[in-house]
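Colleague: quick check, what structure comes out for this input:
(2 chains)
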Amino acid sequence: MAIVAQSSKFGTYGRPILAWAVGLLFFFPIFYMVMTSFKTDADAVKPEFLFFFTPTLDNYLNMAENYDYWRFAKNSVITAVLATVFTMFVGIPAAYAMAFNPSRATKDVLMWMLSTKMLPAAAVLYPMIYLAKGIGLYDTKVLIVTVLSLINLPIAIWMLFTYFKEIPKDIIEAGKMDGVNTWGEIKEILVPLAWGGIASTALLIFIFCWNEAYWTVRLTTIDAATLSKLIEGNRAPEGLFFGRLSAVSTAAVGPIVVLGWFCQKQLVQGLTFGAVK
Amino acid sequence: MSDRKLPRLLQTPAVLLLLVWMLVPLGMTLYFSFIRYVLNNLRRPEWTSPSLSNWRGFGNYEFVLNSKDFVLAIQNSLFIVVSILFLTVILGVLIAVLINKAFPGQGIVRVLLISPFFVMPAVNAVLWINMILDPVLGLQGIAVNGINDVLDNLRTMPVLGGFFSLWPEFEPISFRATQTSAIAVIMMVTWQWTPFAVLIFMTSLQSEDQQQKEAAVLDGASVWSQFRFLTLPHLGRPIAIVVMIQAIFHLSLYAEIEIVSRGNGNKNLPYLIGEFANNNIGAASATGIFAVILANIVAIFLLRMVGKTLME
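Modeller: Predicted coordinates:
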């Protein structure tokens, strides 16, 4: 019993203190970035840990001028939204077919789809550049939307499939009796029923598209360049510009980190392909 | 059209798209890996466009295998990936066990912890290498300076000063150097992916058999043996999955390596492919095929594990 008493003492004081310490430690780099974004460039590079300073919004106000932020942000929003929509548009019917009309090959098809995710991007980048330049799509949003959709399609289908599997088949069958056709079934019955799952899949795919850094950086130069490209382009030790670099970084990750807070659970499903519940 | 055919046809667009997406670039990589194909060569301009008449057989593969960078890149890839896996799994298990039980503010701590995972890789690398690890302007430099200042003050103390003057000055470390840049990459990726491991382990811990645990407590099992004989075996599968998913992601790390040191002394396979591809597409493609093989070895194990639970 002594052990139980001991562990409950740890539970009352030790656990919360330690847990908060770990949480704050992991969050600290983000906090530090946000804090620095409110410093003038001169304050930001003082070689001391400056906690009290006169905050300024200049770094954010000058973001457009210093980095042309809004053009990159617009590209990020457009490509991520369109890619998410397209992925869902192709993914929902596919997952519907696999969940409600499985054949003997369904399992293998799903596994094969997953395996396309494991192809190292670096191995197929140069053929893609060659093809894209050949058909004149290099550095266009069309190309980026296509690539983002294709790299995320397997994850989307997997997530949707695991959600759809939970829906009793009878409900879908009942629709058939009423003479609803397949499109009607998806639109009138499936989508309203699985709305939560579909929304969280879309949210997660959007996050992945937004953060994608390999294809988007290497398949664009200016016209379709996203925020990943903007940040990687300013990777050089900017030295005197920590303030403005922090502001543009905060603006690039802020919305996504907040979105991420709302889909922690889906993240587990989406990234482990339903293997951890 | 029969009742079942139309619904099944609905998966064809997805299947066709993925089939083209996989086969076309991979086929081209395979093709390029067997021909001489360079971007610039004034003496042999015929090599600058892909053609079967420039067939080189396994020449590109030989060239890649004989370049000393290749061995270094494989070693470095494995060093980085294994270190990250080791750190994220150990930290992930410890933190998941720590925050799994209810305590005041558990929800907030969870949100704080998961945040790094959603930071885009380029921002992660820029933030760490400039603002945290920089030997002068980063927190590391500031901390080392602070310690040295304290030591300087201690040295002027009347009696103990003599003792402290025996201590050396601390030197900040440059993480852009050849020997240390891999460490910087490991630190920043561990920061980003430990939350992922925590999240998965926590999800799994919630399905742990509580009755079994209570029984163990009543039997007087120590906290350690509960962890060792109940929790750890329960986490076996999630650990395997975390290891494999991360292995696949981290074998293709790029942005972090590019930003930290531009690959200086710290190349991995994707980075080496990028370097070859500055001119020699043939060699880059051959390296790409090696990368595919390496990824497949990991992928086969992952697919097996996932496949088992698929139709449950």
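Colleague: list phi and psi for the residue in chain B sticking out farthest from the centre.
Modeller: The C-alpha centroid of chain B is most remote from B:P158, which lies 51.1 Å away (C-alpha atoms, centre = their mean). Here is the backbone geometry of B:P158 (degrees, to the nearest 10): phi -60, psi -60.
Colleague: residues in contact with it?
Modeller: By C-beta atoms under 8 Å, 6 or more residues apart in numbering or on different chains, the contact set of B:P158 is empty. From N, CA and C alone the C-beta is placed, and that goes for glycine too.
Colleague: could you check how far it is from A:M118?
Modeller: Taking C-beta to C-beta, to the nearest Å as the criterion, B:P158 is separated from A:M118 by 66 Å.
Colleague: A:V147 now?
Modeller: Using C-beta to C-beta, one obtains 16 Å as the distance from A:V147 to A:M118.
Colleague: A:L24 now?
Modeller: As defined by C-beta to C-beta, A:L24 lies at a distance of 36 Å from A:M118.
Colleague: what's the answer for B:P7, then?
Modeller: 28 Å.
Colleague: also B:L9?
Modeller: 27 Å.
Colleague: do A:I205 as well
Modeller: Shown here: A:I205 relative to A:M118, a distance of 18 Å by C-beta to C-beta.
Colleague: who's more crowded, these two?
Modeller: Under the criterion of other C-beta atoms under 10 Å in any protein chain shown, the comparison of A:I205 against A:M118 puts A:I205 first, with 27 against 22.
Colleague: what's in contact with stretch B:295-305?
Modeller: Residues from elsewhere that reach stretch B:295-305 (C-beta under 8 Å, 6+ apart): A:111, A:114-115, A:118-120, A:275, B:237, B:240-241, B:244-245, B:247-248, B:251-252.
Colleague: neighbour-wise, which of these leads?
Modeller: Neighbour count (other C-beta under 10 Å) singles out A:A275 as the most crowded of these, with 25 neighbours.
Colleague: tell me the pLDDT of the nearest residue to A:E185 once chain neighbours are set aside.
Modeller: In this structure, A:E185 finds its nearest non-sequential neighbour in A:G175, 4.9 Å apart by C-beta to C-beta, 6 or more residues apart in numbering or on different chains. Reading off the confidence values, A:G175 has pLDDT 71.
Colleague: report the buried residues of stretch A:92-101.
Modeller: Residues of stretch A:92-101 classed as buried: A:92-101 (neighbour count, 16 or more other C-beta atoms under 10 Å in any protein chain shown).
Colleague: same check on stretch A:150-161?
Modeller: Of the residues in stretch A:150-161, A:150-161 count as buried by neighbour count, 16+ other C-beta under 10 Å.
Colleague: alpha carbons of that stretch, as PDB, please.
Modeller: Below are the C-alpha coordinates for stretch A:150-161, written out as PDB (Å, rounded to 0.1, in the frame of the first residue of the first chain):
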ATOM      1  CA  LEU A 150      -2.100  12.900 -55.600                       C
ATOM      2  CA  ILE A 151       0.300  12.700 -52.700                       C
ATOM      3  CA  ASN A 152      -2.600  13.100 -50.300                       C
ATOM      4  CA  LEU A 153      -5.200  10.900 -52.000                       C
ATOM      5  CA  PRO A 154      -4.100   7.600 -50.400                       C
ATOM      6  CA  ILE A 155      -4.400   9.100 -46.900                       C
ATOM      7  CA  ALA A 156      -7.800  10.600 -47.700                       C
ATOM      8  CA  ILE A 157      -9.200   7.400 -49.000                       C
ATOM      9  CA  TRP A 158      -7.900   5.500 -46.000                       C
ATOM     10  CA  MET A 159      -9.300   7.900 -43.500                       C
ATOM     11  CA  LEU A 160     -12.700   8.000 -45.300                       C
ATOM     12  CA  PHE A 161     -12.700   4.300 -45.600                       C
END
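Colleague: longest helix of chain B?
Modeller: Identified as the longest helix of chain B according to DSSP state H is helix B:68-100.
Colleague: what mean pLDDT does it get?
Modeller: 90.
Colleague: export whichever helix or strand comes after that helix to CSV, keeping only CA atoms.
Modeller: Past helix B:68-100, heading to the C-terminal end, the next element that is a helix or strand (DSSP states H and E) is helix B:106-114. Backbone C-alpha positions of helix B:106-114 (Å, rounded to 0.1, in the frame of the first residue of the first chain) are rendered in CSV as follows:
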residue,chain,number,x,y,z
GLN,B,106,-4.3,18.4,-19.0
GLY,B,107,-6.1,19.7,-22.1
ILE,B,108,-3.8,22.8,-22.3
VAL,B,109,-0.7,20.8,-21.9
ARG,B,110,-1.8,18.5,-24.7
VAL,B,111,-2.3,21.5,-27.0
LEU,B,112,1.1,23.0,-26.1
LEU,B,113,2.7,19.6,-26.7
ILE,B,114,1.2,18.9,-30.1
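Colleague: next, the angle from helix B:106-114 to helix B:68-100.
Modeller: Here helix B:106-114 points in a direction 170 degrees away from that of helix B:68-100 (axes from the mean of the first three to the mean of the last three C-alpha atoms, to 10 degrees).
Colleague: please tell me how far helix B:106-114 is from the chain's geometric centre.
Modeller: 23 Å (C-alpha atoms, centre = their mean, to the nearest Å).
Colleague: which positions within it qualify as buried?
Modeller: B:106, B:109-114.
Colleague: and chain A, is that helix touching that?
Modeller: Yes: for helix B:106-114 and chain A, the contact criterion (C-beta under 8 Å from any C-beta of the partner chain) is met by B:106, B:108-114.
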